[in-house]
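Student: This is a predicted model, with the sequence first.
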Amino acid sequence: MIWLIPLSPLVGSLVVGLMGRRMRRSWVAVVACGAASLALLFSLGCFARLISLPAGGRLFRQSLGPWIASGNFSVAFGFLFDPLSAIMALVVSGVGLLIHVYSIGYMAEDRDYHRFFSLLNLFLAEMLVLVLADNYLLLFVGWEGVGLCSYLLIGFWFERPAAASAGTKAFLVNRIGDAAVVVGLIWMIQLFGSLDFQMVFRGAPAALSHGSVAATILSLLLFAGATGKSAQLPLYVWLPDAMEGPTPVSALIHAATMVTAGVYLVARSAPLFQLAPVSLEIVAWIGGLTALYAASIALVQTDIKRVIAYSTISQLGYMFLGLGVGAYAAGIFHLMTHAFFKALLFLAAGSVIHALRGEQDLRNMGALRKSLGVTAATFLVGALANAGIVPFAGFWSKDEILLATYASGHRLLWGLGALTAAGTGFYMFRLYFLAFEGKSRLDPRLAGHLHEAPWSMRLPLVLLALGSATVGFFGVPPDAGPFHRFLDSVFPAAAHEGGSAAPASGIVLALAALVMALAGIVIAFRYYLQEPWRPEAMAARYPTLYRALLYKYWVDELYEKAVVRPISSAARAFSTSFDANMIDGSVNGIASLVGRAGGVLRRLQTGHVPTYVLSILVGVVVLLGYLAFVG
């Protein structure tokens with residue numbers, strides 16, 4: 001059944017895309033959601049068979065036949081279902097299905113309803129190909145597929161310049177990381193003669209010595225691709241702008257597809273990264289710095305979706321921090337819990353935007369809990385999980401990463417993670433208080449028309465809230481829960497060494513991070529409910545810091561001046577000089593030469609018979625003269 005998992009949404013995408021205009025909207029929804037449901041059912045079926053096997057033998061491989069064969073190099077069109085791909089397939093198909101159901105209500109009035117669901121199905125199919133591939137080449141097909149789908153869905157409302165620009169930005173920024181992955185794959189072929197996971201990982205210790213420059217460069221090439229897809233420093237800039245797409249797209253990108261691809265690539269490539277301790281150190285530091293950096297920007301943003309977007313970048317930083325210190329299972333555990341509460345936060349935000357007819361500015365909200373009770377309650381669950389408050393899901397996965405970080409000797413990185421926890425508590429509850437509590441700042445024309453979302457939007461919110469409150473218990477106790485035991489056979493044994501602190505110190509560290517998060521919540525409560533005048537006073541007191549956070553450290557402006565404009569200027573200069581003069585000039589010159597030659601010859605074609613007779617006579621005389629001279 002493995003191949004049926006990605007095939008189901010792919011077929012759904014084709015049916016809806018080709019026939020959607022002739023189908024009723026209800027049937028479009030049935031086909032698209034049915035395809036996503038089949039993907040989930042097939043994933044559950046494979047999962048059930050997998051867990052029935054002994055722990056050491058939980059692996060299915062399925063080859064659909066040869067794909068590429070050139071000399072000694074060959075790649076099969078094959079799929080792999082092991083504990084890691086099983087978890088990813090369940091997360092992608094499960095959360096993806098809920099987002100599909102939510103979209104029935106959210107996109108009900110959109111004129112391109114069928115195109116949206118066709119692309120949503122395709123997005124799901126490409127991500128499932130990525131996580132189920134048994135070789136790097138097929139993984140890369142899914143990798144590029146989700147990049148294409150993100151471009152098409154971020155720019156779904158392409159008539160809006162901001163949406164078209166955001167889609168292009170996401171596509172181009174990801175090309176940088178993707179180019180590094182291509183170089184890495186070519187190098188793998190030279191080193192191992194294969195792109196099959198099993199052959200690469202078995203041959204890695206012999207071809208790459210531990211700590212070698214080659215192992216470091218190869219792993220960093222893969223990580224460069226991961227920084228693009230998973231929006232880490234310095235290639236994170238596309239993700240906040242991706243909010244220009246429909247809210248269900250934001251939820252799918254942030255929770256179940258696109259941004260989790262980079263985390264999965266690094267986790268899947270753990271045997272390679274274990275041979276490159278320098279690369280792991282870089283992964284950990286990039287993750288820790290990104291987590292704090294993005295959290296600081298989220299502190300002052302006013303767009304409800306952008307706050308959550310920067311939260312995603314920050315939480316992805318936690319995942320890479322876990323991977324970098326060798327706690328691979330903890331990183332994937334946080335990926336799973338994050339999928340639930342981040343999808344919940346985006347979909348709840350979408351419910352607010354739906355009720356306010358497109359309004360996304362937190363300064364124009366307030367007191368929405370009275371009218372949007374279900375949305376407010378579910379958003380609060382997501383905020384508590386995202387902030388890492390016990391017993392919600394984010395607490396168990398985030399704190400396990402912090403424990404592993406401390407136990408691995410990275411004290412400074414633990415400090416960055418704990419400080420990020422405080423910032424997370426602050427910005428999440430700043431968002432909650434500004435949107436749902438306090439005094440109403442709504443436009444009076446909207447206040448009288450507030451209403452809860454339809455059932456198709458409320459049901460996914462409730463189910464995701466239940467998941468956000470409970471899935472964390474699969475990781476209890478830390479590093480030894482059912483989730484971790486399930487993944488034990490996937491990751492190198494060395495990755496677990498020193499992965500947990502002593503029980504007493506572990507409790508202290510967990511309490512410290514929890515206290516930091518609670519402190520952030522308390523400060524948000526004081527600033528935005530008790531003393532709402534204080535944020536403006538603080539902004540006036542520290543204007544430089546406030547402006548730096550508000551304008552996101554001017555990184556986009558820096559990239560515009562240092563990268564975009566120089567490349568554009570060079571491209572224009574190259575176009576006007578080499579391209580216009582050399583390429584176009586040579587082509588146009590040949591055409592002009594042929595045209596002039598034709599003009600000369602055309603003068604001889606007069607159509608006047610005496611002229612032709614004269615030319616023949618002259619030719620005969622010349623020929624006879626030549627023959628006489630030669631003779």
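Tutor: Okay, I see it.
Student: hey, where'd the strands end up in this protein?
Tutor: Applying DSSP state E to the chain gives strands spanning 60-70, 73-81.
Student: Now mean neighbour count and distance to residue 99 too, for those strands, in a markdown table please.
Tutor: Bear in mind the C-beta positions are built from the backbone N, C-alpha and C, glycine included. What follows is the strands of the chain, written out as a markdown table (neighbours: other Cβ atoms under 10 Å; distance: least, Cβ to Cβ, whole Å):
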| stretch | mean neighbour count | distance to residue 99 |
| --- | --- | --- |
| strand 60-70 | 12 | 27 |
| strand 73-81 | 20 | 23 |
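Student: okay if I get the ones you listed as CSV plus distance to residue 414 and mean pLDDT?
Tutor: CSV is the format used below for the strands of the chain (distance: least, Cβ to Cβ, whole Å; pLDDT from 0 to 100):
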stretch, distance to residue 414, mean pLDDT
strand 60-70, 38, 92
strand 73-81, 34, 94
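Student: Can you tell me which of the ones you listed is nearest to residue 312?
Tutor: With Cβ to Cβ, the closest approach to residue 312 among the strands of the chain belongs to strand 73-81: 27.2 Å.
Student: and that closest one, C-alpha only, in CSV?
Tutor: Only the C-alpha atoms of strand 73-81 are listed here, as CSV (Å, rounded to 0.1, in the frame of the first residue of the first chain):
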residue,chain,number,x,y,z
PHE,A,73,24.8,4.0,-11.6
SER,A,74,21.1,3.2,-11.2
VAL,A,75,18.1,4.5,-9.3
ALA,A,76,14.9,2.7,-8.7
PHE,A,77,11.5,4.3,-8.3
GLY,A,78,11.2,3.1,-4.8
PHE,A,79,9.5,3.9,-1.5
LEU,A,80,10.6,3.3,2.1
PHE,A,81,8.3,2.9,5.1
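Student: Contacts for it next, please.
Tutor: With contact meaning Cβ atoms under 8 Å, 6 or more residues apart in numbering, strand 73-81 is reached by 2-3, 46, 50, 59-69, 89, 132-135, 137-138, 189, 193-197.
Student: Stretch 146-163 now?
Tutor: For stretch 146-163, contacts defined as Cβ under 8 Å, 6+ apart pick out 112, 115-116, 119-120, 122-123, 126-127, 130, 164, 166-168, 170-171, 174, 178, 229, 241-242, 244-246, 249, 252-253, 257-258, 261.
Student: Buried by neighbour count, from the residues you listed: which ones?
Tutor: 115-116, 119-120, 122-123, 126-127, 130, 164, 166-168, 170-171, 174, 178, 229, 241-242, 244-246, 249, 252-253, 257-258, 261 (16 or more other Cβ atoms under 10 Å).
Student: Just the ones of the residues you listed in helices?
Tutor: Secondary structure from DSSP state H places 115-116, 119-120, 122-123, 126-127, 130, 164, 166-168, 170-171, 174, 178, 229, 241, 249, 252-253, 261 of these in helices.
Student: and the helix or strand of the chain with the lowest mean pLDDT, how far from the chain's centre?
Tutor: Ranking every helix and strand in the chain by mean pLDDT, DSSP states H and E puts helix 444-447 at the bottom, with a mean of 80. Distance of helix 444-447 from its chain centroid, counting by Cα atoms, centre = their mean, to the nearest Å, is 36 Å.
Student: Using PDB, write down the CA coordinates of that helix.
Tutor: Only the C-alpha atoms of helix 444-447 are listed here, as PDB (Å, rounded to 0.1, in the frame of the first residue of the first chain):
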ATOM      1  CA  PRO A 444     -18.400  49.400  14.300                       C
ATOM      2  CA  ARG A 445     -19.600  48.100  10.900                       C
ATOM      3  CA  LEU A 446     -18.100  44.600  11.700                       C
ATOM      4  CA  ALA A 447     -19.000  44.400  15.400                       C
END
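Student: could you dump the strands of the chain to TSV with distance to residue 426?
Tutor: As requested, the strands of the chain are exported to TSV (distance: least, Cβ to Cβ, whole Å):
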stretch	distance to residue 426
strand 60-70	45
strand 73-81	41
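Student: So for residue 554, which of those strands sits nearest?
Tutor: strand 73-81 (43.8 Å).
Student: got the angle between the closest one and strand 60-70?
Tutor: Using axes from the mean of the first three to the mean of the last three Cα atoms, to 10 degrees, the inter-axis angle of strand 73-81 relative to strand 60-70 is 160 degrees.
Student: Pull out the buried positions in stretch 282-291.
Tutor: Counting neighbours by 16+ other Cβ under 10 Å, stretch 282-291 gives 282, 283, 284, 285, 286, 287, 288, 289, 290, 291 as buried.
Student: same check, this time on stretch 590-608
Tutor: Going by 16+ other Cβ under 10 Å, stretch 590-608 has no buried residues at all.
Student: Could I get the average pLDDT for stretch 473-481?
Tutor: Mean pLDDT, stretch 473-481: 88.
Student: Ok, stretch 130-139 next?
Tutor: Stretch 130-139 carries an average pLDDT of 98.
Student: got the contact list for it?
Tutor: Applying Cβ under 8 Å, 6+ apart, the external contacts of stretch 130-139 come out as 2, 5-6, 61, 63, 67-68, 75-81, 85, 88-89, 92, 129, 141-143, 145-146, 185, 188, 194-198, 200, 261, 264-265, 268.
Student: rerun that using 6 Å as the cut-off
Tutor: Stretch 130-139 is contacted from outside by 61, 75, 78-80, 85, 88-89, 142-143, 185, 195-197, 261, 264, using Cβ atoms under 6 Å, 6 or more residues apart in numbering.
Student: ends of it, how far apart?
Tutor: End-to-end distance of stretch 130-139 (Cα to Cα, to the nearest Å): 4 Å.
Student: wait, which of the strands of the chain is closest to residue 357?
Tutor: The closest of the strands of the chain to residue 357 is strand 73-81. By Cβ to Cβ, the value is 44.3 Å.
Student: So what's the gap between that closest one and the chain middle?
Tutor: The answer for strand 73-81 is 24 Å, by Cα atoms, centre = their mean.
Student: try stretch 341-357
Tutor: For stretch 341-357, the distance to the chain centre is 19 Å (Cα atoms, centre = their mean).
Student: Same check on stretch 443-458?
Tutor: On Cα atoms, centre = their mean, the centre of stretch 443-458 falls 30 Å from that of its chain.
Student: Now do the buried residues in that stretch.
Tutor: Judged by neighbour count using 16+ other Cβ under 10 Å, the buried positions of stretch 443-458 are 450, 452, 453, 456, 457, 458.
Student: can you put those in CSV and add pLDDT and distance to residue 352?
Tutor: What follows is the buried residues of stretch 443-458, written out as CSV (pLDDT from 0 to 100; distance: Cβ to Cβ, whole Å):
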residue, pLDDT, distance to residue 352
450, 86, 10
452, 90, 11
453, 89, 9
456, 94, 16
457, 96, 11
458, 96, 13
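Student: how about those, which pair is most distant?
Tutor: 450 and 456 (18.5 Å).
Student: now, which of the buried residues of stretch 282-291 lie within helices?
Tutor: Judged by DSSP H, the subset of the buried residues of stretch 282-291 located in helices is 282, 283, 284, 285, 286, 287, 288, 289, 290, 291.
Student: The third one contacts residue 326, correct?
Tutor: No - taking Cβ atoms under 6 Å as the contact criterion, residue 284 and residue 326 are not neighbours in contact, 9.0 Å apart.
Student: Check the spacing between residue 268 and residue 491 real quick.
Tutor: Counting by Cβ to Cβ, to the nearest Å, the gap from residue 268 to residue 491 is 10 Å.
Student: typo on my end, residue 536
Tutor: 49 Å.
Student: Compare those two (neighbour count), which wins?
Tutor: residue 491 (24 against 10; other Cβ atoms under 10 Å).
Student: Please list all residues in contact with the more buried one.
Tutor: 270, 328.
Student: now residue 450
Tutor: Contacts of residue 450 by Cβ under 6 Å, 6+ apart are 355, 371.
Student: Quickly note the distance from it to residue 441.
Tutor: Computed with Cβ to Cβ, the distance linking residue 450 and residue 441 is 13 Å.
Student: ditto for residue 83
Tutor: Per Cβ to Cβ, residue 83 is found 48 Å from residue 441.
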